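Asker: Following is a predicted model, sequence given first.
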Amino acid sequence: MKRQPLNWIFWIVLFVFLVRTINCGRGKPSSDQKMNVLLITLDTLRADHLGCYGYAKNTSPTLDALASTSIVFDHAIAQSAITPVSHASIMTGLNPYNHDLRSLHGGVSYQLPDSRLTLAELMEANGYATGGFVSAFPVTKHYGLHQGFETWDEEFQKKDQVKILSETGVVNTGTAQRTCDVTTEKAIVWLRQHAEMPFFAWIHYFDVHDPILLPPDEYLKRFYPKSRDKPDILRSVYDAEIAFMDDQINLILKELEALKIRENTILAVLSDHGEGLGDHDWWGHSILYQEQIRLVFILSLPGRREGVRVSSLVRSIDLVPTLHELLNLNTTGKNVFDGKSLLEMMDESEAPPRIAYSESINDLTAYYDSQMQNESLYAISDGRWKLILHREKSNDKGVELFDLQADPHELTDLSEKHPEVSAQLRNQLDKMQAILQDPPRPAMDEKTKERLKSLGYIK
């Protein structure tokens, strides 16, 4: 019998093999394929002002659409209500008492030590190009948050020839922050240059932090309230700033699509903390009620677990260990995080309950005239119960206890009714050894003082 040629058999086998390989690879990168990582942090953004977290106004169509195809964490908690402190936790996976950047300004503890391993350093060590694009002074080199970035853009810092405060007291805020459209332009240029290689990029937007730099008029008109009361106007400006920022995120996502790298890019969107907006008689941040420490936390993993909502308590410190496990990143030394990977939760597996720690160590008189003069705050929560410790006892008792399930807006202090719960949470807090006995007080150079004053931190 005459032997048949094997060429056609070879090509059929090869075709089947390639199809199966491609299909098996969908939803999770192969071991030799590096996924890009894009982290977007939204400074001072309350979760409950986005549609995907239940807000009625149309502030966030881009983020809402992204959330519908991503993993959304409904109960994510910041480790601080202060910008550089919270970002240091996001970037290291450590609580503030372990990463040692604990205050916005002071004699000590306002810089991230070089010895702490950042996400950018971890990615760089694993062969990723790294680029950081920030929008305001509280996340600049001054605080050590640039560690591990090959490209670092804080161009507004270079306007040293321009005085931040004029002799008449006029503030040039542009030397301390920039609007999101400027940061977007810088980031897109970098993305185009690095589309052919694995990368880690961090984009930081600051617009909703304050009304000093306003968005374009079209956004203000869209949300301008019928009421002329100052609180309503300020809240409408806040929403307009969210919408402006949301449109810039849309430009970033469109650029990823145009570069044909969206399906190979993990996207994490987090706020660093929220804002009072009048709740608890407080307009800014830096205290630890839920409206200030509940986060936006959206994680997009192309091809994996789309449209999932996780109701369990998670923390901002859980991002780095999640990426570490997901990408199988290698480190040269012992790798220790305070956070834990979220992969079990994302796959709807049972995961051990988590404890969330938050702090605000400040001389708060630098921010507002209030009863919390020279106050330092510490909070701990198991998801239902939450304890806030007032180190200087500004609320007379020194502690507040809330049942977040029954009282999500923290209107009723239960510390006297449930002293056993307060004692249990306080004991856990003491075991962390987080409480500073001598919190840092403001002691800074004139340039730093002017930059913080231009952002409204100091009067």
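Answerer: The structure has been received and is ready for your questions.
Asker: which residues of the chain fall in strands?
Answerer: Using DSSP state E, the strands assigned to the chain run over residues 36-42, 71-77, 129-133, 151-153, 199-205, 265-271, 294-295, 297-300, 308-315, 356-361, 376-381, 385-390, 399-403.
Asker: could those strands go into CSV alongside mean pLDDT and distance to S415?
Answerer: Bear in mind the C-beta positions are built from the backbone N, C-alpha and C, glycine included. Shown next, in CSV, are those (pLDDT from 0 to 100; distance: least, CB to CB, whole Å):
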stretch, mean pLDDT, distance to S415
strand 36-42, 98, 33
strand 71-77, 96, 20
strand 129-133, 98, 42
strand 151-153, 96, 45
strand 199-205, 98, 37
strand 265-271, 98, 28
strand 294-295, 96, 21
strand 297-300, 98, 29
strand 308-315, 94, 21
strand 356-361, 94, 17
strand 376-381, 94, 13
strand 385-390, 95, 8
strand 399-403, 96, 4
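Asker: now for these, which one comes closest to Q437?
Answerer: Proximity to Q437 (CB to CB) singles out strand 376-381 among the strands of the chain, at 10.1 Å.
Asker: Show me which positions of that closest one end up buried.
Answerer: S376, L377, Y378, A379, I380, S381 (16 or more other CB atoms under 10 Å).
Asker: Can you give the domain ranges for the protein?
Answerer: 33-354, 359-454 (automatic domain parsing).
Asker: where along this protein do the helices fall?
Answerer: Here the chain has its helices, by DSSP state H, at 7-25, 61-68, 83-92, 96-99, 119-125, 180-193, 217-223, 230-258, 290-293, 319-326, 343-346, 419-432, 446-454.
Asker: Would you mind finding the most buried of the ones you listed?
Answerer: The highest average neighbour count among the helices of the chain, using mean count of other CB atoms under 10 Å, belongs to helix 83-92 at a mean of 28.
Asker: which helices and strands sit right next to that one?
Answerer: strand 36-42, helix 96-99, helix 119-125, helix 319-326, strand 356-361 (3 or more CB pairs under 8 Å, 6 or more residues apart in numbering; DSSP states H and E).
Asker: now the angle from that helix to strand 199-205?
Answerer: Per axes from the mean of the first three to the mean of the last three CA atoms, to 10 degrees, the angle that helix 83-92 makes with strand 199-205 is 160 degrees.
Asker: What average pLDDT does helix 83-92 get?
Answerer: For helix 83-92, mean pLDDT is 97.
Asker: Tell me the one of the buried residues of strand 376-381 nearest I435?
Answerer: When these are compared against I435 (criterion: CB to CB), the nearest one is Y378, at 6.0 Å.
Asker: correct me, but the closest one touches I435?
Answerer: Yes. Counting by CB atoms under 8 Å, I435 is a contact partner of Y378 at 6.0 Å.
Asker: got any residues that touch both of those two?
Answerer: Applying CB atoms under 8 Å, 6 or more residues apart in numbering, one finds that Y378 and I435 are jointly contacted by L389, R391, L429.
Asker: Now render the buried residues of strand 376-381 as JSON lines, adding distance to S360.
Answerer: Formatted as JSON lines, the buried residues of strand 376-381 follow (distance: CB to CB, whole Å):
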{"residue": "S376", "distance to S360": "7"}
{"residue": "L377", "distance to S360": "5"}
{"residue": "Y378", "distance to S360": "8"}
{"residue": "A379", "distance to S360": "9"}
{"residue": "I380", "distance to S360": "13"}
{"residue": "S381", "distance to S360": "15"}
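Asker: Just say which of the domains of the chain is most tucked in.
Answerer: Buried most deeply of these, by mean count of other CB under 10 Å, is domain 33-354, with a mean of 20.
Asker: now it: how far from the chain's centre is it?
Answerer: 4 Å (CA atoms, centre = their mean, to the nearest Å).
Asker: For this structure, give me the ranges with low pLDDT.
Answerer: Applying pLDDT under 70 to the chain flags the ranges 1-33, 106-108, 157-172, 174, 332-335, 348-350, 363-374, 393-397, 438-443, 458-459.
Asker: go again using 50 as the cut-off
Answerer: Within the chain, the stretches with pLDDT under 50 are 1-31, 366-367.
Asker: ends of stretch 341-361, how far apart?
Answerer: Start to finish, the residues bounding stretch 341-361 are 27 Å apart (CA to CA, to the nearest Å).
Asker: and what of stretch 73-82?
Answerer: 21 Å.
Asker: Could you do stretch 403-422 as well?
Answerer: 11 Å.
Asker: got it, and stretch 111-126?
Answerer: Terminal-residue distance, stretch 111-126 (CA to CA): 25 Å.
Asker: Next up, the contacts around Y205.
Answerer: With contacts defined as CB under 8 Å, 6+ apart, Y205 is in contact with I40, T41, L42, D43, S135, C180, T183, M245, Q248.
Asker: now L329
Answerer: So L329 contacts L122, M123, N126, L323 (CB under 8 Å, 6+ apart).
Asker: try 6 Å
Answerer: Taking CB atoms under 6 Å, 6 or more residues apart in numbering, we find L329 in contact with L122, N126.
Asker: same check, this time on D74
Answerer: R309, S311.
Asker: do the one 4 residues further on as well
Answerer: For A78, the set of contacting residues under the criterion of CB under 6 Å, 6+ apart consists of S86, H273, I293, L295, S316.
Asker: Contact partners for the residue nearest to the fourth one when sequence neighbours are not counted?
Answerer: The shortest distance from L295 to any residue that is not its chain neighbour, by CB to CB, 6 or more residues apart in numbering, is 4.1 Å, and that residue is A76. When contacts are counted by CB under 6 Å, 6+ apart, A76 touches L295, F297, V314.
Asker: The second one pairs with what?
Answerer: Note on F297: beta-bridge partners by DSSP bridges are L270.
Asker: Ok, the last one next?
Answerer: On the basis of DSSP bridges, V314 is bridged to A76.
Asker: For G148, which non-adjacent residue is closest in space?
Answerer: A120 is the one closest to G148 (CB to CB, 6+ apart), at 3.0 Å.
Asker: what's near enough to touch that neighbour?
Answerer: Here A120 is in contact with T130, G148, F149 (CB under 6 Å, 6+ apart).
Asker: Surely the last one touches G132?
Answerer: Yes. Between F149 and G132 there is a contact under CB atoms under 6 Å: 4.1 Å.
Asker: Tell me the one among the contacts of A78 nearest to L401.
Answerer: After measuring these against L401 - CB to CB - the closest member comes out as I293, at 15.9 Å.
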